[in-house]
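> Pasted the sequence and its predicted model underneath.
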Amino acid sequence: MSSANSKTSSDQQKVMVPHREMDTLFREILLKYGFEKEKAQQCSRIFMENSLDGVYTHGVNRFSRFIQYIKKGYIDIKAHPECKSKTGSIEQWDGRLAPGPLNALHCTDRAMELAKDNGIGCVALSNTNHWMRGGTYGWKAAKAGFVFIGWTNTLANMPAWGAVDNKIGNNPIVFAVPYGGEAIVLDMAMSQFSYGTVEAHQLRNSPLPFPGGFNAEGKLSDDPAELLESRRMLPAGYWKGAGLSLLLDILAAILSGGLSTAEISKNEAEYGVSQIYIAIDTSKFPHSSSIPQIINGIIEDYHSSTPGPETNQVRYPGERSLQTRKENLEKGIPVNKQVWEDILKL
């Protein structure tokens, strides 16, 4: 199939949804399923803004599954997180299986409050649910002036390097720093591609741009259907990504007092995960006034990179999101037709 025909086929499979329409629909559905008004507004906005920034895999594409988890009782929409212990600038919280995005917002805010008082704040959260796009909380903290580091463990969905069965999670991690009124945000899973990205390529009937894992025969593959069947995702950085995944799981479990990947994997679905939220208030540093200039200098040098033959521009993490956000505000958010029809049925 030619690239022109492929593009036409892809266009026919999607609808353009204005962001306000998406936000309103999400909110109405959440209210229908029993959410309090404020919680419905917060949750719907997160799903919409993730989609607005182009992270459809953890926005509109994930919304129906979120509702399914509520129906199955994995998510308790009436629950609120509670503090279990305090030690200096570190707190442990029990998420009580409340909606993951709402728990994540709360813990991000709490980490920033602790950082204001102590320079650094760490909130370790146990017994929570999927936070959707981890970058949401990096953007929030960085735009408020804080450096942010956060990560979550997951169920076992990736093999250790050299193994064929899944014993580690793809445990996404987020780093964020303030930059020019916006932020530089790295939001990455420990697998070369997240499952959401692989599923999105399957919806579009398109291969991954690079091999994303091993197929059933143990060969590297860029075919999303093969990877979703084998469940053998490729660790980012091979053995390095696998090792980092292991350590992130250990740290999330021991700091929060919550479940490890091995324990989460005993559940019938992914819930009860452990997460870490760290905020740093750089305004307390003696050189705080020069930090914007330091970052500007680094990014200017980074942008001076010579693009390769297939690259128009070298972008820092999060830069593409700003461009996608602008385009989607103007044109609407592109959504797979079947995904949107499934949401309308909710």
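Cool, got the structure. Numbers count the residues shown, from 1 in each chain.
> does residue 299 really touch residue 179, like I thought?
Yes - between residue 299 and residue 179 there is a contact under Cβ atoms under 8 Å: 7.2 Å. Yep, even glycine has a C-beta here, placed from its N, CA and C like the rest.
> between the two, which one's more packed in?
With neighbours defined as other Cβ atoms under 10 Å, residue 299 and residue 179 compare such that residue 179 has more, 19 against 15.
> Check the closest residue to that one other than its chain neighbours and give its pLDDT.
Nearest residue to residue 179, sequence neighbours excluded (Cβ to Cβ, 6 or more residues apart in numbering): residue 295, at 5.7 Å. On pLDDT, residue 295 comes in at 98.
> Tell me if residue 295 really is in a strand.
No - assessed with DSSP: H, G, I helix; E, B strand; the rest coil, residue 295 is helix; it does not lie in a strand.
> how close does it sit to residue 285?
To residue 285, residue 295 is 13 Å away according to Cβ to Cβ, to the nearest Å.
> repeat for residue 216
Per Cβ to Cβ, residue 216 is found 52 Å from residue 285.
> And residue 325, by the same measure?
According to Cβ to Cβ, residue 325 and residue 285 sit 30 Å apart.
> what about these two, which has more around it?
Shown here are residue 325 and residue 285; by other Cβ under 10 Å, residue 325 has more neighbours (17 against 12).
> Let's test this: what are the backbone torsions at residue 221?
Residue 221 has phi and psi values of phi -140, psi 150 when expressed as degrees, to the nearest 10.
> Need the nearest residue in space to it, chain neighbours excluded.
The shortest distance from residue 221 to any non-neighbouring residue, by Cβ to Cβ, 6+ apart, is to residue 215 (4.2 Å).
> go on, residue 197?
Using Cβ to Cβ, 6+ apart, the closest residue to residue 197 is residue 57 (5.6 Å).
> What distance do you get for the residue at minimal distance from the centre of the chain to residue 127?
By Cα atoms, centre = their mean, the chain has its centre lying nearest to residue 133, at 2.5 Å. Here residue 133 is placed at a distance of 21 Å from residue 127 (Cβ to Cβ).
> Please enumerate residues in contact with the strand or helix carrying residue 242?
Assigned by DSSP states H and E, residue 242 belongs to helix 239-256. Residues from elsewhere that reach helix 239-256, judged by Cβ atoms under 8 Å, 6 or more residues apart in numbering: 90, 92-93, 122, 124-126, 151-153, 158-162, 168-171, 173, 190-192, 235, 237, 258-261, 273-276.
> List the buried residues of the next helix or strand after it.
Next along the chain after helix 239-256, taking DSSP H and E as the criterion, comes helix 261-264. Residues of helix 261-264 classed as buried: 261, 264 (neighbour count, 16 or more other Cβ atoms under 10 Å).
> What is the end-to-end distance of stretch 262-278?
Here the two ends of stretch 262-278 are set 24 Å apart, with distance taken as Cα to Cα, to the nearest Å.
> Mean confidence (pLDDT) on that stretch, please.
For stretch 262-278, the mean confidence score works out to 98.
> Give me the distance from it to the chain's centre.
How far stretch 262-278 lies from its chain's middle: 15 Å, per Cα atoms, centre = their mean, to the nearest Å.
> So in the chain, where's the weakest helix or strand by average pLDDT?
Least confident element among the helices and strands of the chain, by mean pLDDT, DSSP states H and E: helix 3-12 (a mean of 51).
> how about the strands in the chain?
Under the criterion DSSP state E, strands of the chain are mapped to 14-17, 82-87, 90-94, 120-128, 147-152, 158-159, 166-168, 173-179, 182-188, 213-214, 220-221, 232-233, 273-280, 333-336.
> just the ones you listed: most buried one?
strand 273-280 (a mean of 27; mean count of other Cβ atoms under 10 Å).
> Direction-wise, compare it with strand 147-152 and give the angle.
Computed by axes from the mean of the first three to the mean of the last three Cα atoms, to 10 degrees, the angle separating strand 273-280 from strand 147-152 equals 170 degrees.
> quick one, strand 273-280 and helix 239-256 angle?
90 degrees.
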